[in-house]
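**Student:** below are the sequence and a predicted model for it; my questions follow.
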Amino acid sequence: MSILTWTWILTGGSFAVYIYIAYWARAKTTGDFYVAEKAIPPMLNGMATGADWMSAASFISMAGLISFLGRDGSYYLMGWTGGYVLLAMLFGPYLRKYGKFTIPQFIADRYYSNTARVIALVCAIFVSFTYVAGQMRGVGVVFSRFMDVSINTGVIIGMALVFFYATLGGMKGITYTQVAQYCVLITAYLVPAVFISMQFTGNPIPQIGYGSQITAEGAALLGNPADQGLYLLDVLNKLNTDLGFAAYTDGQRPMIDVFFITMSLMIGTAGLPHILIRFFTVPKIRDARSSAGWALIFIALLYTTAPAVAAFARTNFIKTINNVEYAKAPSWFKNWEKTGLVGWKDKNGDGIMQLRKGKWDDPKSENEVKIDQDIMVLANPEIAKLPNWTVGLIGAGGLAAALSTAAGLLLVISSAVSHDLMKGIVKPNMSEKEELWWARGGAGVAVVIAGLFGIYPPGFVAQVVAFAFGLAAASFFPALLMGIFNKKMNKEGAVTGMIVGIVFTAGYIWWYKWGNPAANNAAGWWMGISPEGIGTVGALLNFVTSWAVSKFTPEPSHEIQELVGSLRYPGKLVVPPSSH
Amino acid sequence: MTIHATKELQAYWKENLTIISVLLGIWFVVSYVCGIMIANQLDAYRLGGFPLGFWFANQGSLVTFVALIWVYVWLMDRLDEKYDVHEN
């Protein structure tokens, strides 16, 4: 069967499953809609969190990015997993003990302030929309590349599906669909990686395979029998340096920048509302801890495979393209040339493809080959000559990753509108039924806006990911941490801290991305910290400001301090009279 | 489940904070120290085909993160039992 047929079968089949699950898990109460009645078993919640977390970018782009960045790319690997340790120990169990529905609601209650609620609400909506725009675009891109439909048609199909299960099922529908989506995406990611690892090194575990020696079969695939018995990474390092790149296993970026980016991604992860609310959905506090453990197992499965895919794909790509006559180029190269993800410009007129350091369209560079990072995952099975069904799986997996993340984000937006804005501020007396309608309506409107972002992508989407993590790091992370671990932190401190953190981080990113882009390089940055890493500094400023302001303003009331105290213990807290 | 003396609660919280500090110390060492700050020096040693610093940044820190959470889960379950604050 052809790749196209396989893609339609696997995608169609997975969509049918998602729709069935959504119908089966439809929500009846606001508790269902926001937190799935707190009845999700921790392992399934971990799986859903994994699907929620791993976006179109993780699935399609990350391995490719790493294959270009080499060791520096590890800040994505560590940054996007290390945050779960913080979630498990610093936030998850205490937020579950709090036991209500949304992050802005927690901030409002803990800091007894509607101003704090509004700041949190705006941040949550901004961060989620930033993030969701990329997902809907990702859905369209996967459809257009694998199924011969236009990007816009793809976005509309994706919108219709998410609209159906997000408005019908709320958190409950989304969670169970995400469990199915995790299974699809992880299979799609692992199968080609396992195959390729076996081809090259005979080891079926890619995480170990890319640190192993190349077998005779692998050396034959690479067209160089002398490579047999050498470590794959040594061969890749030599390929890189021969072509003028830095060695693959060496770092390039200044250490301070790698440090700050990793930290910003970690604390940003721990401050993202769509991940935090997952801890509201489990039955018990101890489940919140173990569900973070499950989530990280499921996430690490993909995140430890990604660098293996990166190393294999880069070796394979260089070997099959570099110094090869264009007329004899493999068929996948010509197929993908149509999409613009790869390209070739014969600058020296010898009819041979030279892959070197530098830009392919820069006349001064010797490089003649264009490579888009996404090709490393999308075309990986074809480059390795794997069976057609594995290529079809990539399409279904990419869609699962994009749709599951989109749904989780849309729920945050819808609950921010219905629960925090409408019920919390505008109309506190509304009935549960009415609130549920606002929630469904909010989700519906959010899907449509997200779809429009997908069809008319704002030019800044790629750049605003730094924004999403930076803002989450500079606003939510410190506010939540102090809210739980510092009983004396008061409204004045938290509000000024959040404002300082947000304004500083947004201002810094704005300046280098739009204000003065010419200075956006290591020499131009303050202390050598890139806009991607500045959220860490924003968070520090937030901490310092909050602490200083809280010293000069009144302490929170006794009731608030007791609320904080009660978060710290599982079980029902009965404070003995002697403590009053 | 009811809670007894405030003193005991404070002891429970203190032990929790100690556990968190130790585990986050390890979290910092494997990722920021081994994977970033001294990665170049560690690269002089090898783990199979991996330069050691590169391995910590690519694989080692992630595997340790998973282990850290499960150790926390286990320690906290025991602590909840010890102070009798666990849920039913």
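**Tutor:** All right, it came through fine.
**Student:** roughly how far apart are the spatially most central residue of chain B and B:Ile69?
**Tutor:** What sits nearest the mean C-alpha location of chain B, by Cα atoms, centre = their mean, is B:Leu23, with 2.7 Å. Distance, B:Leu23 to B:Ile69, by Cβ to Cβ, to the nearest Å: 9 Å. Every C-beta, even on glycine, is put in place using the N, C-alpha and C of the backbone.
**Student:** who touches both of these two?
**Tutor:** A:85, A:89 (Cβ atoms under 8 Å, 6 or more residues apart in numbering or on different chains).
**Student:** which residues touch the residue nearest to the centre of chain B?
**Tutor:** By Cβ under 8 Å, 6+ apart, the contact list for B:Leu23 reads A:85, A:89, B:68, B:71-72.
**Student:** what helix or strand is it on?
**Tutor:** Under the criterion of DSSP states H and E, B:Leu23 resides in helix B:6-28.
**Student:** quick one: distance of that helix to the chain centre.
**Tutor:** Counting by Cα atoms, centre = their mean, to the nearest Å, helix B:6-28 is centred 11 Å from the centre of its parent chain.
**Student:** flag every buried residue along it.
**Tutor:** Residues of helix B:6-28 classed as buried by neighbour count (16 or more other Cβ atoms under 10 Å in any protein chain shown): B:9, B:12, B:16, B:19-20, B:23-24, B:27.
**Student:** rebuild the residues you listed as JSON lines, extending it with distance to A:Leu480 and pLDDT.
**Tutor:** Shown next, in JSON lines, are these (distance: Cβ to Cβ, whole Å; pLDDT from 0 to 100):
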{"residue": "B:Leu9", "distance to A:Leu480": "22", "pLDDT": "84"}
{"residue": "B:Tyr12", "distance to A:Leu480": "21", "pLDDT": "91"}
{"residue": "B:Asn16", "distance to A:Leu480": "17", "pLDDT": "94"}
{"residue": "B:Ile19", "distance to A:Leu480": "19", "pLDDT": "96"}
{"residue": "B:Ile20", "distance to A:Leu480": "15", "pLDDT": "97"}
{"residue": "B:Leu23", "distance to A:Leu480": "19", "pLDDT": "97"}
{"residue": "B:Leu24", "distance to A:Leu480": "16", "pLDDT": "97"}
{"residue": "B:Trp27", "distance to A:Leu480": "18", "pLDDT": "97"}
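**Student:** and the stretch 101-250 of chain A, which residues reach chain B?
**Tutor:** A:207-208, A:210-213, A:231-234, A:249-250 (Cβ under 8 Å from any Cβ of the partner chain).
**Student:** nearest to A:Val564 among those residues?
**Tutor:** Nearest to A:Val564 among these: A:Gln207, at 41.4 Å, using Cβ to Cβ.
**Student:** tell me the contacts of that closest one?
**Tutor:** Neighbouring residues of A:Gln207 by Cβ under 8 Å, 6+ apart: A:304-305, A:308, B:59.
**Student:** top of the residues of the stretch 101-250 of chain A next to chain B by neighbour count?
**Tutor:** With neighbours defined as other Cβ atoms under 10 Å in any protein chain shown, the most crowded of those is A:Tyr210; it has 30 neighbours.
**Student:** so that one is in contact with A:Val235, correct?
**Tutor:** No: A:Tyr210 lies out of contact with A:Val235 (Cβ atoms under 8 Å); the separation is 10.8 Å.
**Student:** just to check, A:Pro104 is in contact with A:Val417?
**Tutor:** No: in this structure A:Pro104 lies outside contact range of A:Val417 using Cβ under 8 Å: 10.6 Å.
**Student:** which of those two has more residues huddled nearby?
**Tutor:** Per other Cβ under 10 Å, whichever of A:Pro104 and A:Val417 has more neighbours is A:Pro104, with 27 against 21.
**Student:** the more buried one: which element?
**Tutor:** Assigned by DSSP H and E, A:Pro104 falls within helix A:103-110.
**Student:** helices or strands up against that helix?
**Tutor:** On a contact count with 3 or more Cβ pairs under 8 Å, 6 or more residues apart in numbering or on different chains; DSSP states H and E, helix A:103-110 meets helix A:92-98, helix A:114-147, helix A:476-485, helix A:558-567.
**Student:** packing partners for the shortest one?
**Tutor:** This points to helix A:92-98. helix A:103-110, helix A:285-321, helix A:558-567.
**Student:** and with 7 Å instead?
**Tutor:** For helix A:92-98, the packing partners by 3 or more Cβ pairs under 7 Å, 6 or more residues apart in numbering or on different chains; DSSP states H and E come out as helix A:285-321, helix A:558-567.
**Student:** quick one: buried residues of the shortest one?
**Tutor:** Taking 16+ other Cβ under 10 Å as the basis for neighbour counts, the residues of helix A:558-567 that come out buried are A:560, A:562-567.
**Student:** and the angle from that helix to helix A:285-321?
**Tutor:** 70 degrees (axes from the mean of the first three to the mean of the last three Cα atoms, to 10 degrees).
**Student:** distance from helix A:558-567 to the middle of the chain?
**Tutor:** Put simply, helix A:558-567 sits 34 Å off its chain's centre (Cα atoms, centre = their mean).
**Student:** mean confidence for it?
**Tutor:** Across helix A:558-567, the average pLDDT comes to 90.
**Student:** swap in stretch A:394-404?
**Tutor:** Stretch A:394-404 carries an average pLDDT of 89.
**Student:** what's the answer for stretch A:6-25, then?
**Tutor:** Summarised as a single mean, pLDDT over stretch A:6-25 is 89.
**Student:** again, but for stretch A:205-218
**Tutor:** For stretch A:205-218, mean pLDDT is 92.
**Student:** could you give the separation between the terminal residues of that stretch?
**Tutor:** One end of stretch A:205-218 sits 15 Å from the other (Cα to Cα, to the nearest Å).
**Student:** before we move on, back to that, can you list contacts of the helix holding A:Pro104?
**Tutor:** A:95, A:98, A:100, A:114, A:116-117, A:120-121, A:124, A:273, A:276-277, A:416, A:419-420, A:424, A:476, A:479, A:483 (Cβ atoms under 7 Å, 6 or more residues apart in numbering or on different chains).
**Student:** of these, select the buried ones using a PyMOL command.
**Tutor:** Applying 16+ other Cβ under 10 Å to these leaves a buried subset, and the PyMOL line that selects it is:
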select buried, chain A and resi 95+98+116+117+120+121+124+273+276+277+416+419+420+424+476+479+483
